[in-house]
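**Student:** one predicted model, sequence on top.
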Amino acid sequence: MVRRRGPLLLMISLLLAALAAWVANQWLAARVVAAPAPAQEQVVVAAIEIPLGTKIEERHLSAISMLPGQAPKGSFHNASDVLGKVASSSIISGEILLAPRLADSGGGSSLASVVDKTMRAVTVRVDDVVGVAGFLLPGNRVDVIATEKDNLGTQVRASTILSNVKVLAVDQTASSEKNEPVVVHAVTLEVTPADAEILLKGKTAGAIQLTLRNPLDESDARTPRPEPPKPAAVKVSMPVKPVAPEVMVLRGTQLARTGTAAALSGQSH
């Protein structure tokens, strides 16, 4: 009798286990169906690489889905908000488009939109040597060295007049799609209004040379300017007002001040 109960209890245990698994599966399925999927929002990204100074078109744009609140600050949710803007820096494919990296075209040229509000774009003529053998590309950083001969023409002075200057365009190209060296004839630099005057003065006084910088180098390489000689101090002596002498009169046992000698002489007369 005991031997017959063993298989029966085993079968009952298996049936109960299967029933428990089925109930648990049904409960989990009901919970999954009851919980709605979180809503997602669309974020505009670059479908292809967008070079510096490029005007944004539909072919440049794509979109990805993100959870609400996960999109970075300054991102766009509609492609229409991005069309017509100009890339103020190079944007790689798949990168989320951010407002600080785009500029309004304002109906002008793409290069004018890239120039910062407080800066100016100045173009200087270069050759294959001044232009770093054609290795300059938009977005690079350069130093500007000016050379000038003395009055006798026997000695040449060289000094770095500008440092860490951004290259906006090479010839008439504001994008850096090609990495091959190209001999250029003009380079457009982004400088402050004061630095624009220094650049043009240096170019007029002699010759200039561009030196390519490492993009991670933020140091200031400008040659310190000698301080102008301080003017010699001039000592100004103030006129001293003469003090009239006083006359002391002894009257008996008392000593009294009666005034200046000039006053006494006037009274005596």
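**Tutor:** That came through fine.

**Student:** ranges for the helices of the stretch 151-269 of the chain?
**Tutor:** Remark: helices assigned in the stretch 151-269 of the chain by DSSP state H, counting those that start in this stretch are 193-205, 261-268.

**Student:** buried set for stretch 114-130?
**Tutor:** With burial defined by 16 or more other Cβ atoms under 10 Å, the residues of stretch 114-130 counted as buried are 114, 115, 119, 120, 121, 122, 124, 126, 130. Placement of C-beta: from N, CA and C, glycine included.

**Student:** residues contacting it, please?
**Tutor:** Contact with stretch 114-130 is made by 52-53, 86-88, 103, 111-112, 134, 168-169, 174, 183-193, 196, 199-200, 203, 207-210, as judged by Cβ atoms under 8 Å, 6 or more residues apart in numbering.

**Student:** repeat for stretch 203-213
**Tutor:** 124, 126, 129-132, 135-136, 140-149, 161, 164, 187, 199, 202.

**Student:** please, a ChimeraX command that selects the buried ones among these?
**Tutor:** Entered in ChimeraX, the line below selects the buried ones among the contacts of stretch 203-213, by 16+ other Cβ under 10 Å:
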select :124,126,130,131,132,136,140,141,142,143,144,145,146,161,187,199,202
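
**Student:** among the contacts of stretch 203-213, which are in strands?
**Tutor:** Of these, the ones assigned to strands by DSSP state E are 124, 141-149, 161, 164, 187.

**Student:** out of those, the closest to residue 65 would be?
**Tutor:** residue 141 (37.3 Å; Cβ to Cβ).

**Student:** and the closest one, what does it touch?
**Tutor:** 164, 165, 166, 167, 212, 213, 215, 217.

**Student:** which of those residues scores worst on pLDDT?
**Tutor:** Checked by pLDDT, the contacts of residue 141 have residue 215 as the lowest-scoring entry (84).

**Student:** and the closest residue to it other than its chain neighbours, what pLDDT?
**Tutor:** Leaving out its chain neighbours, the residue that sits closest to residue 215 by Cβ to Cβ, 6 or more residues apart in numbering is residue 141, at 6.2 Å. pLDDT recorded at residue 141 is 91.
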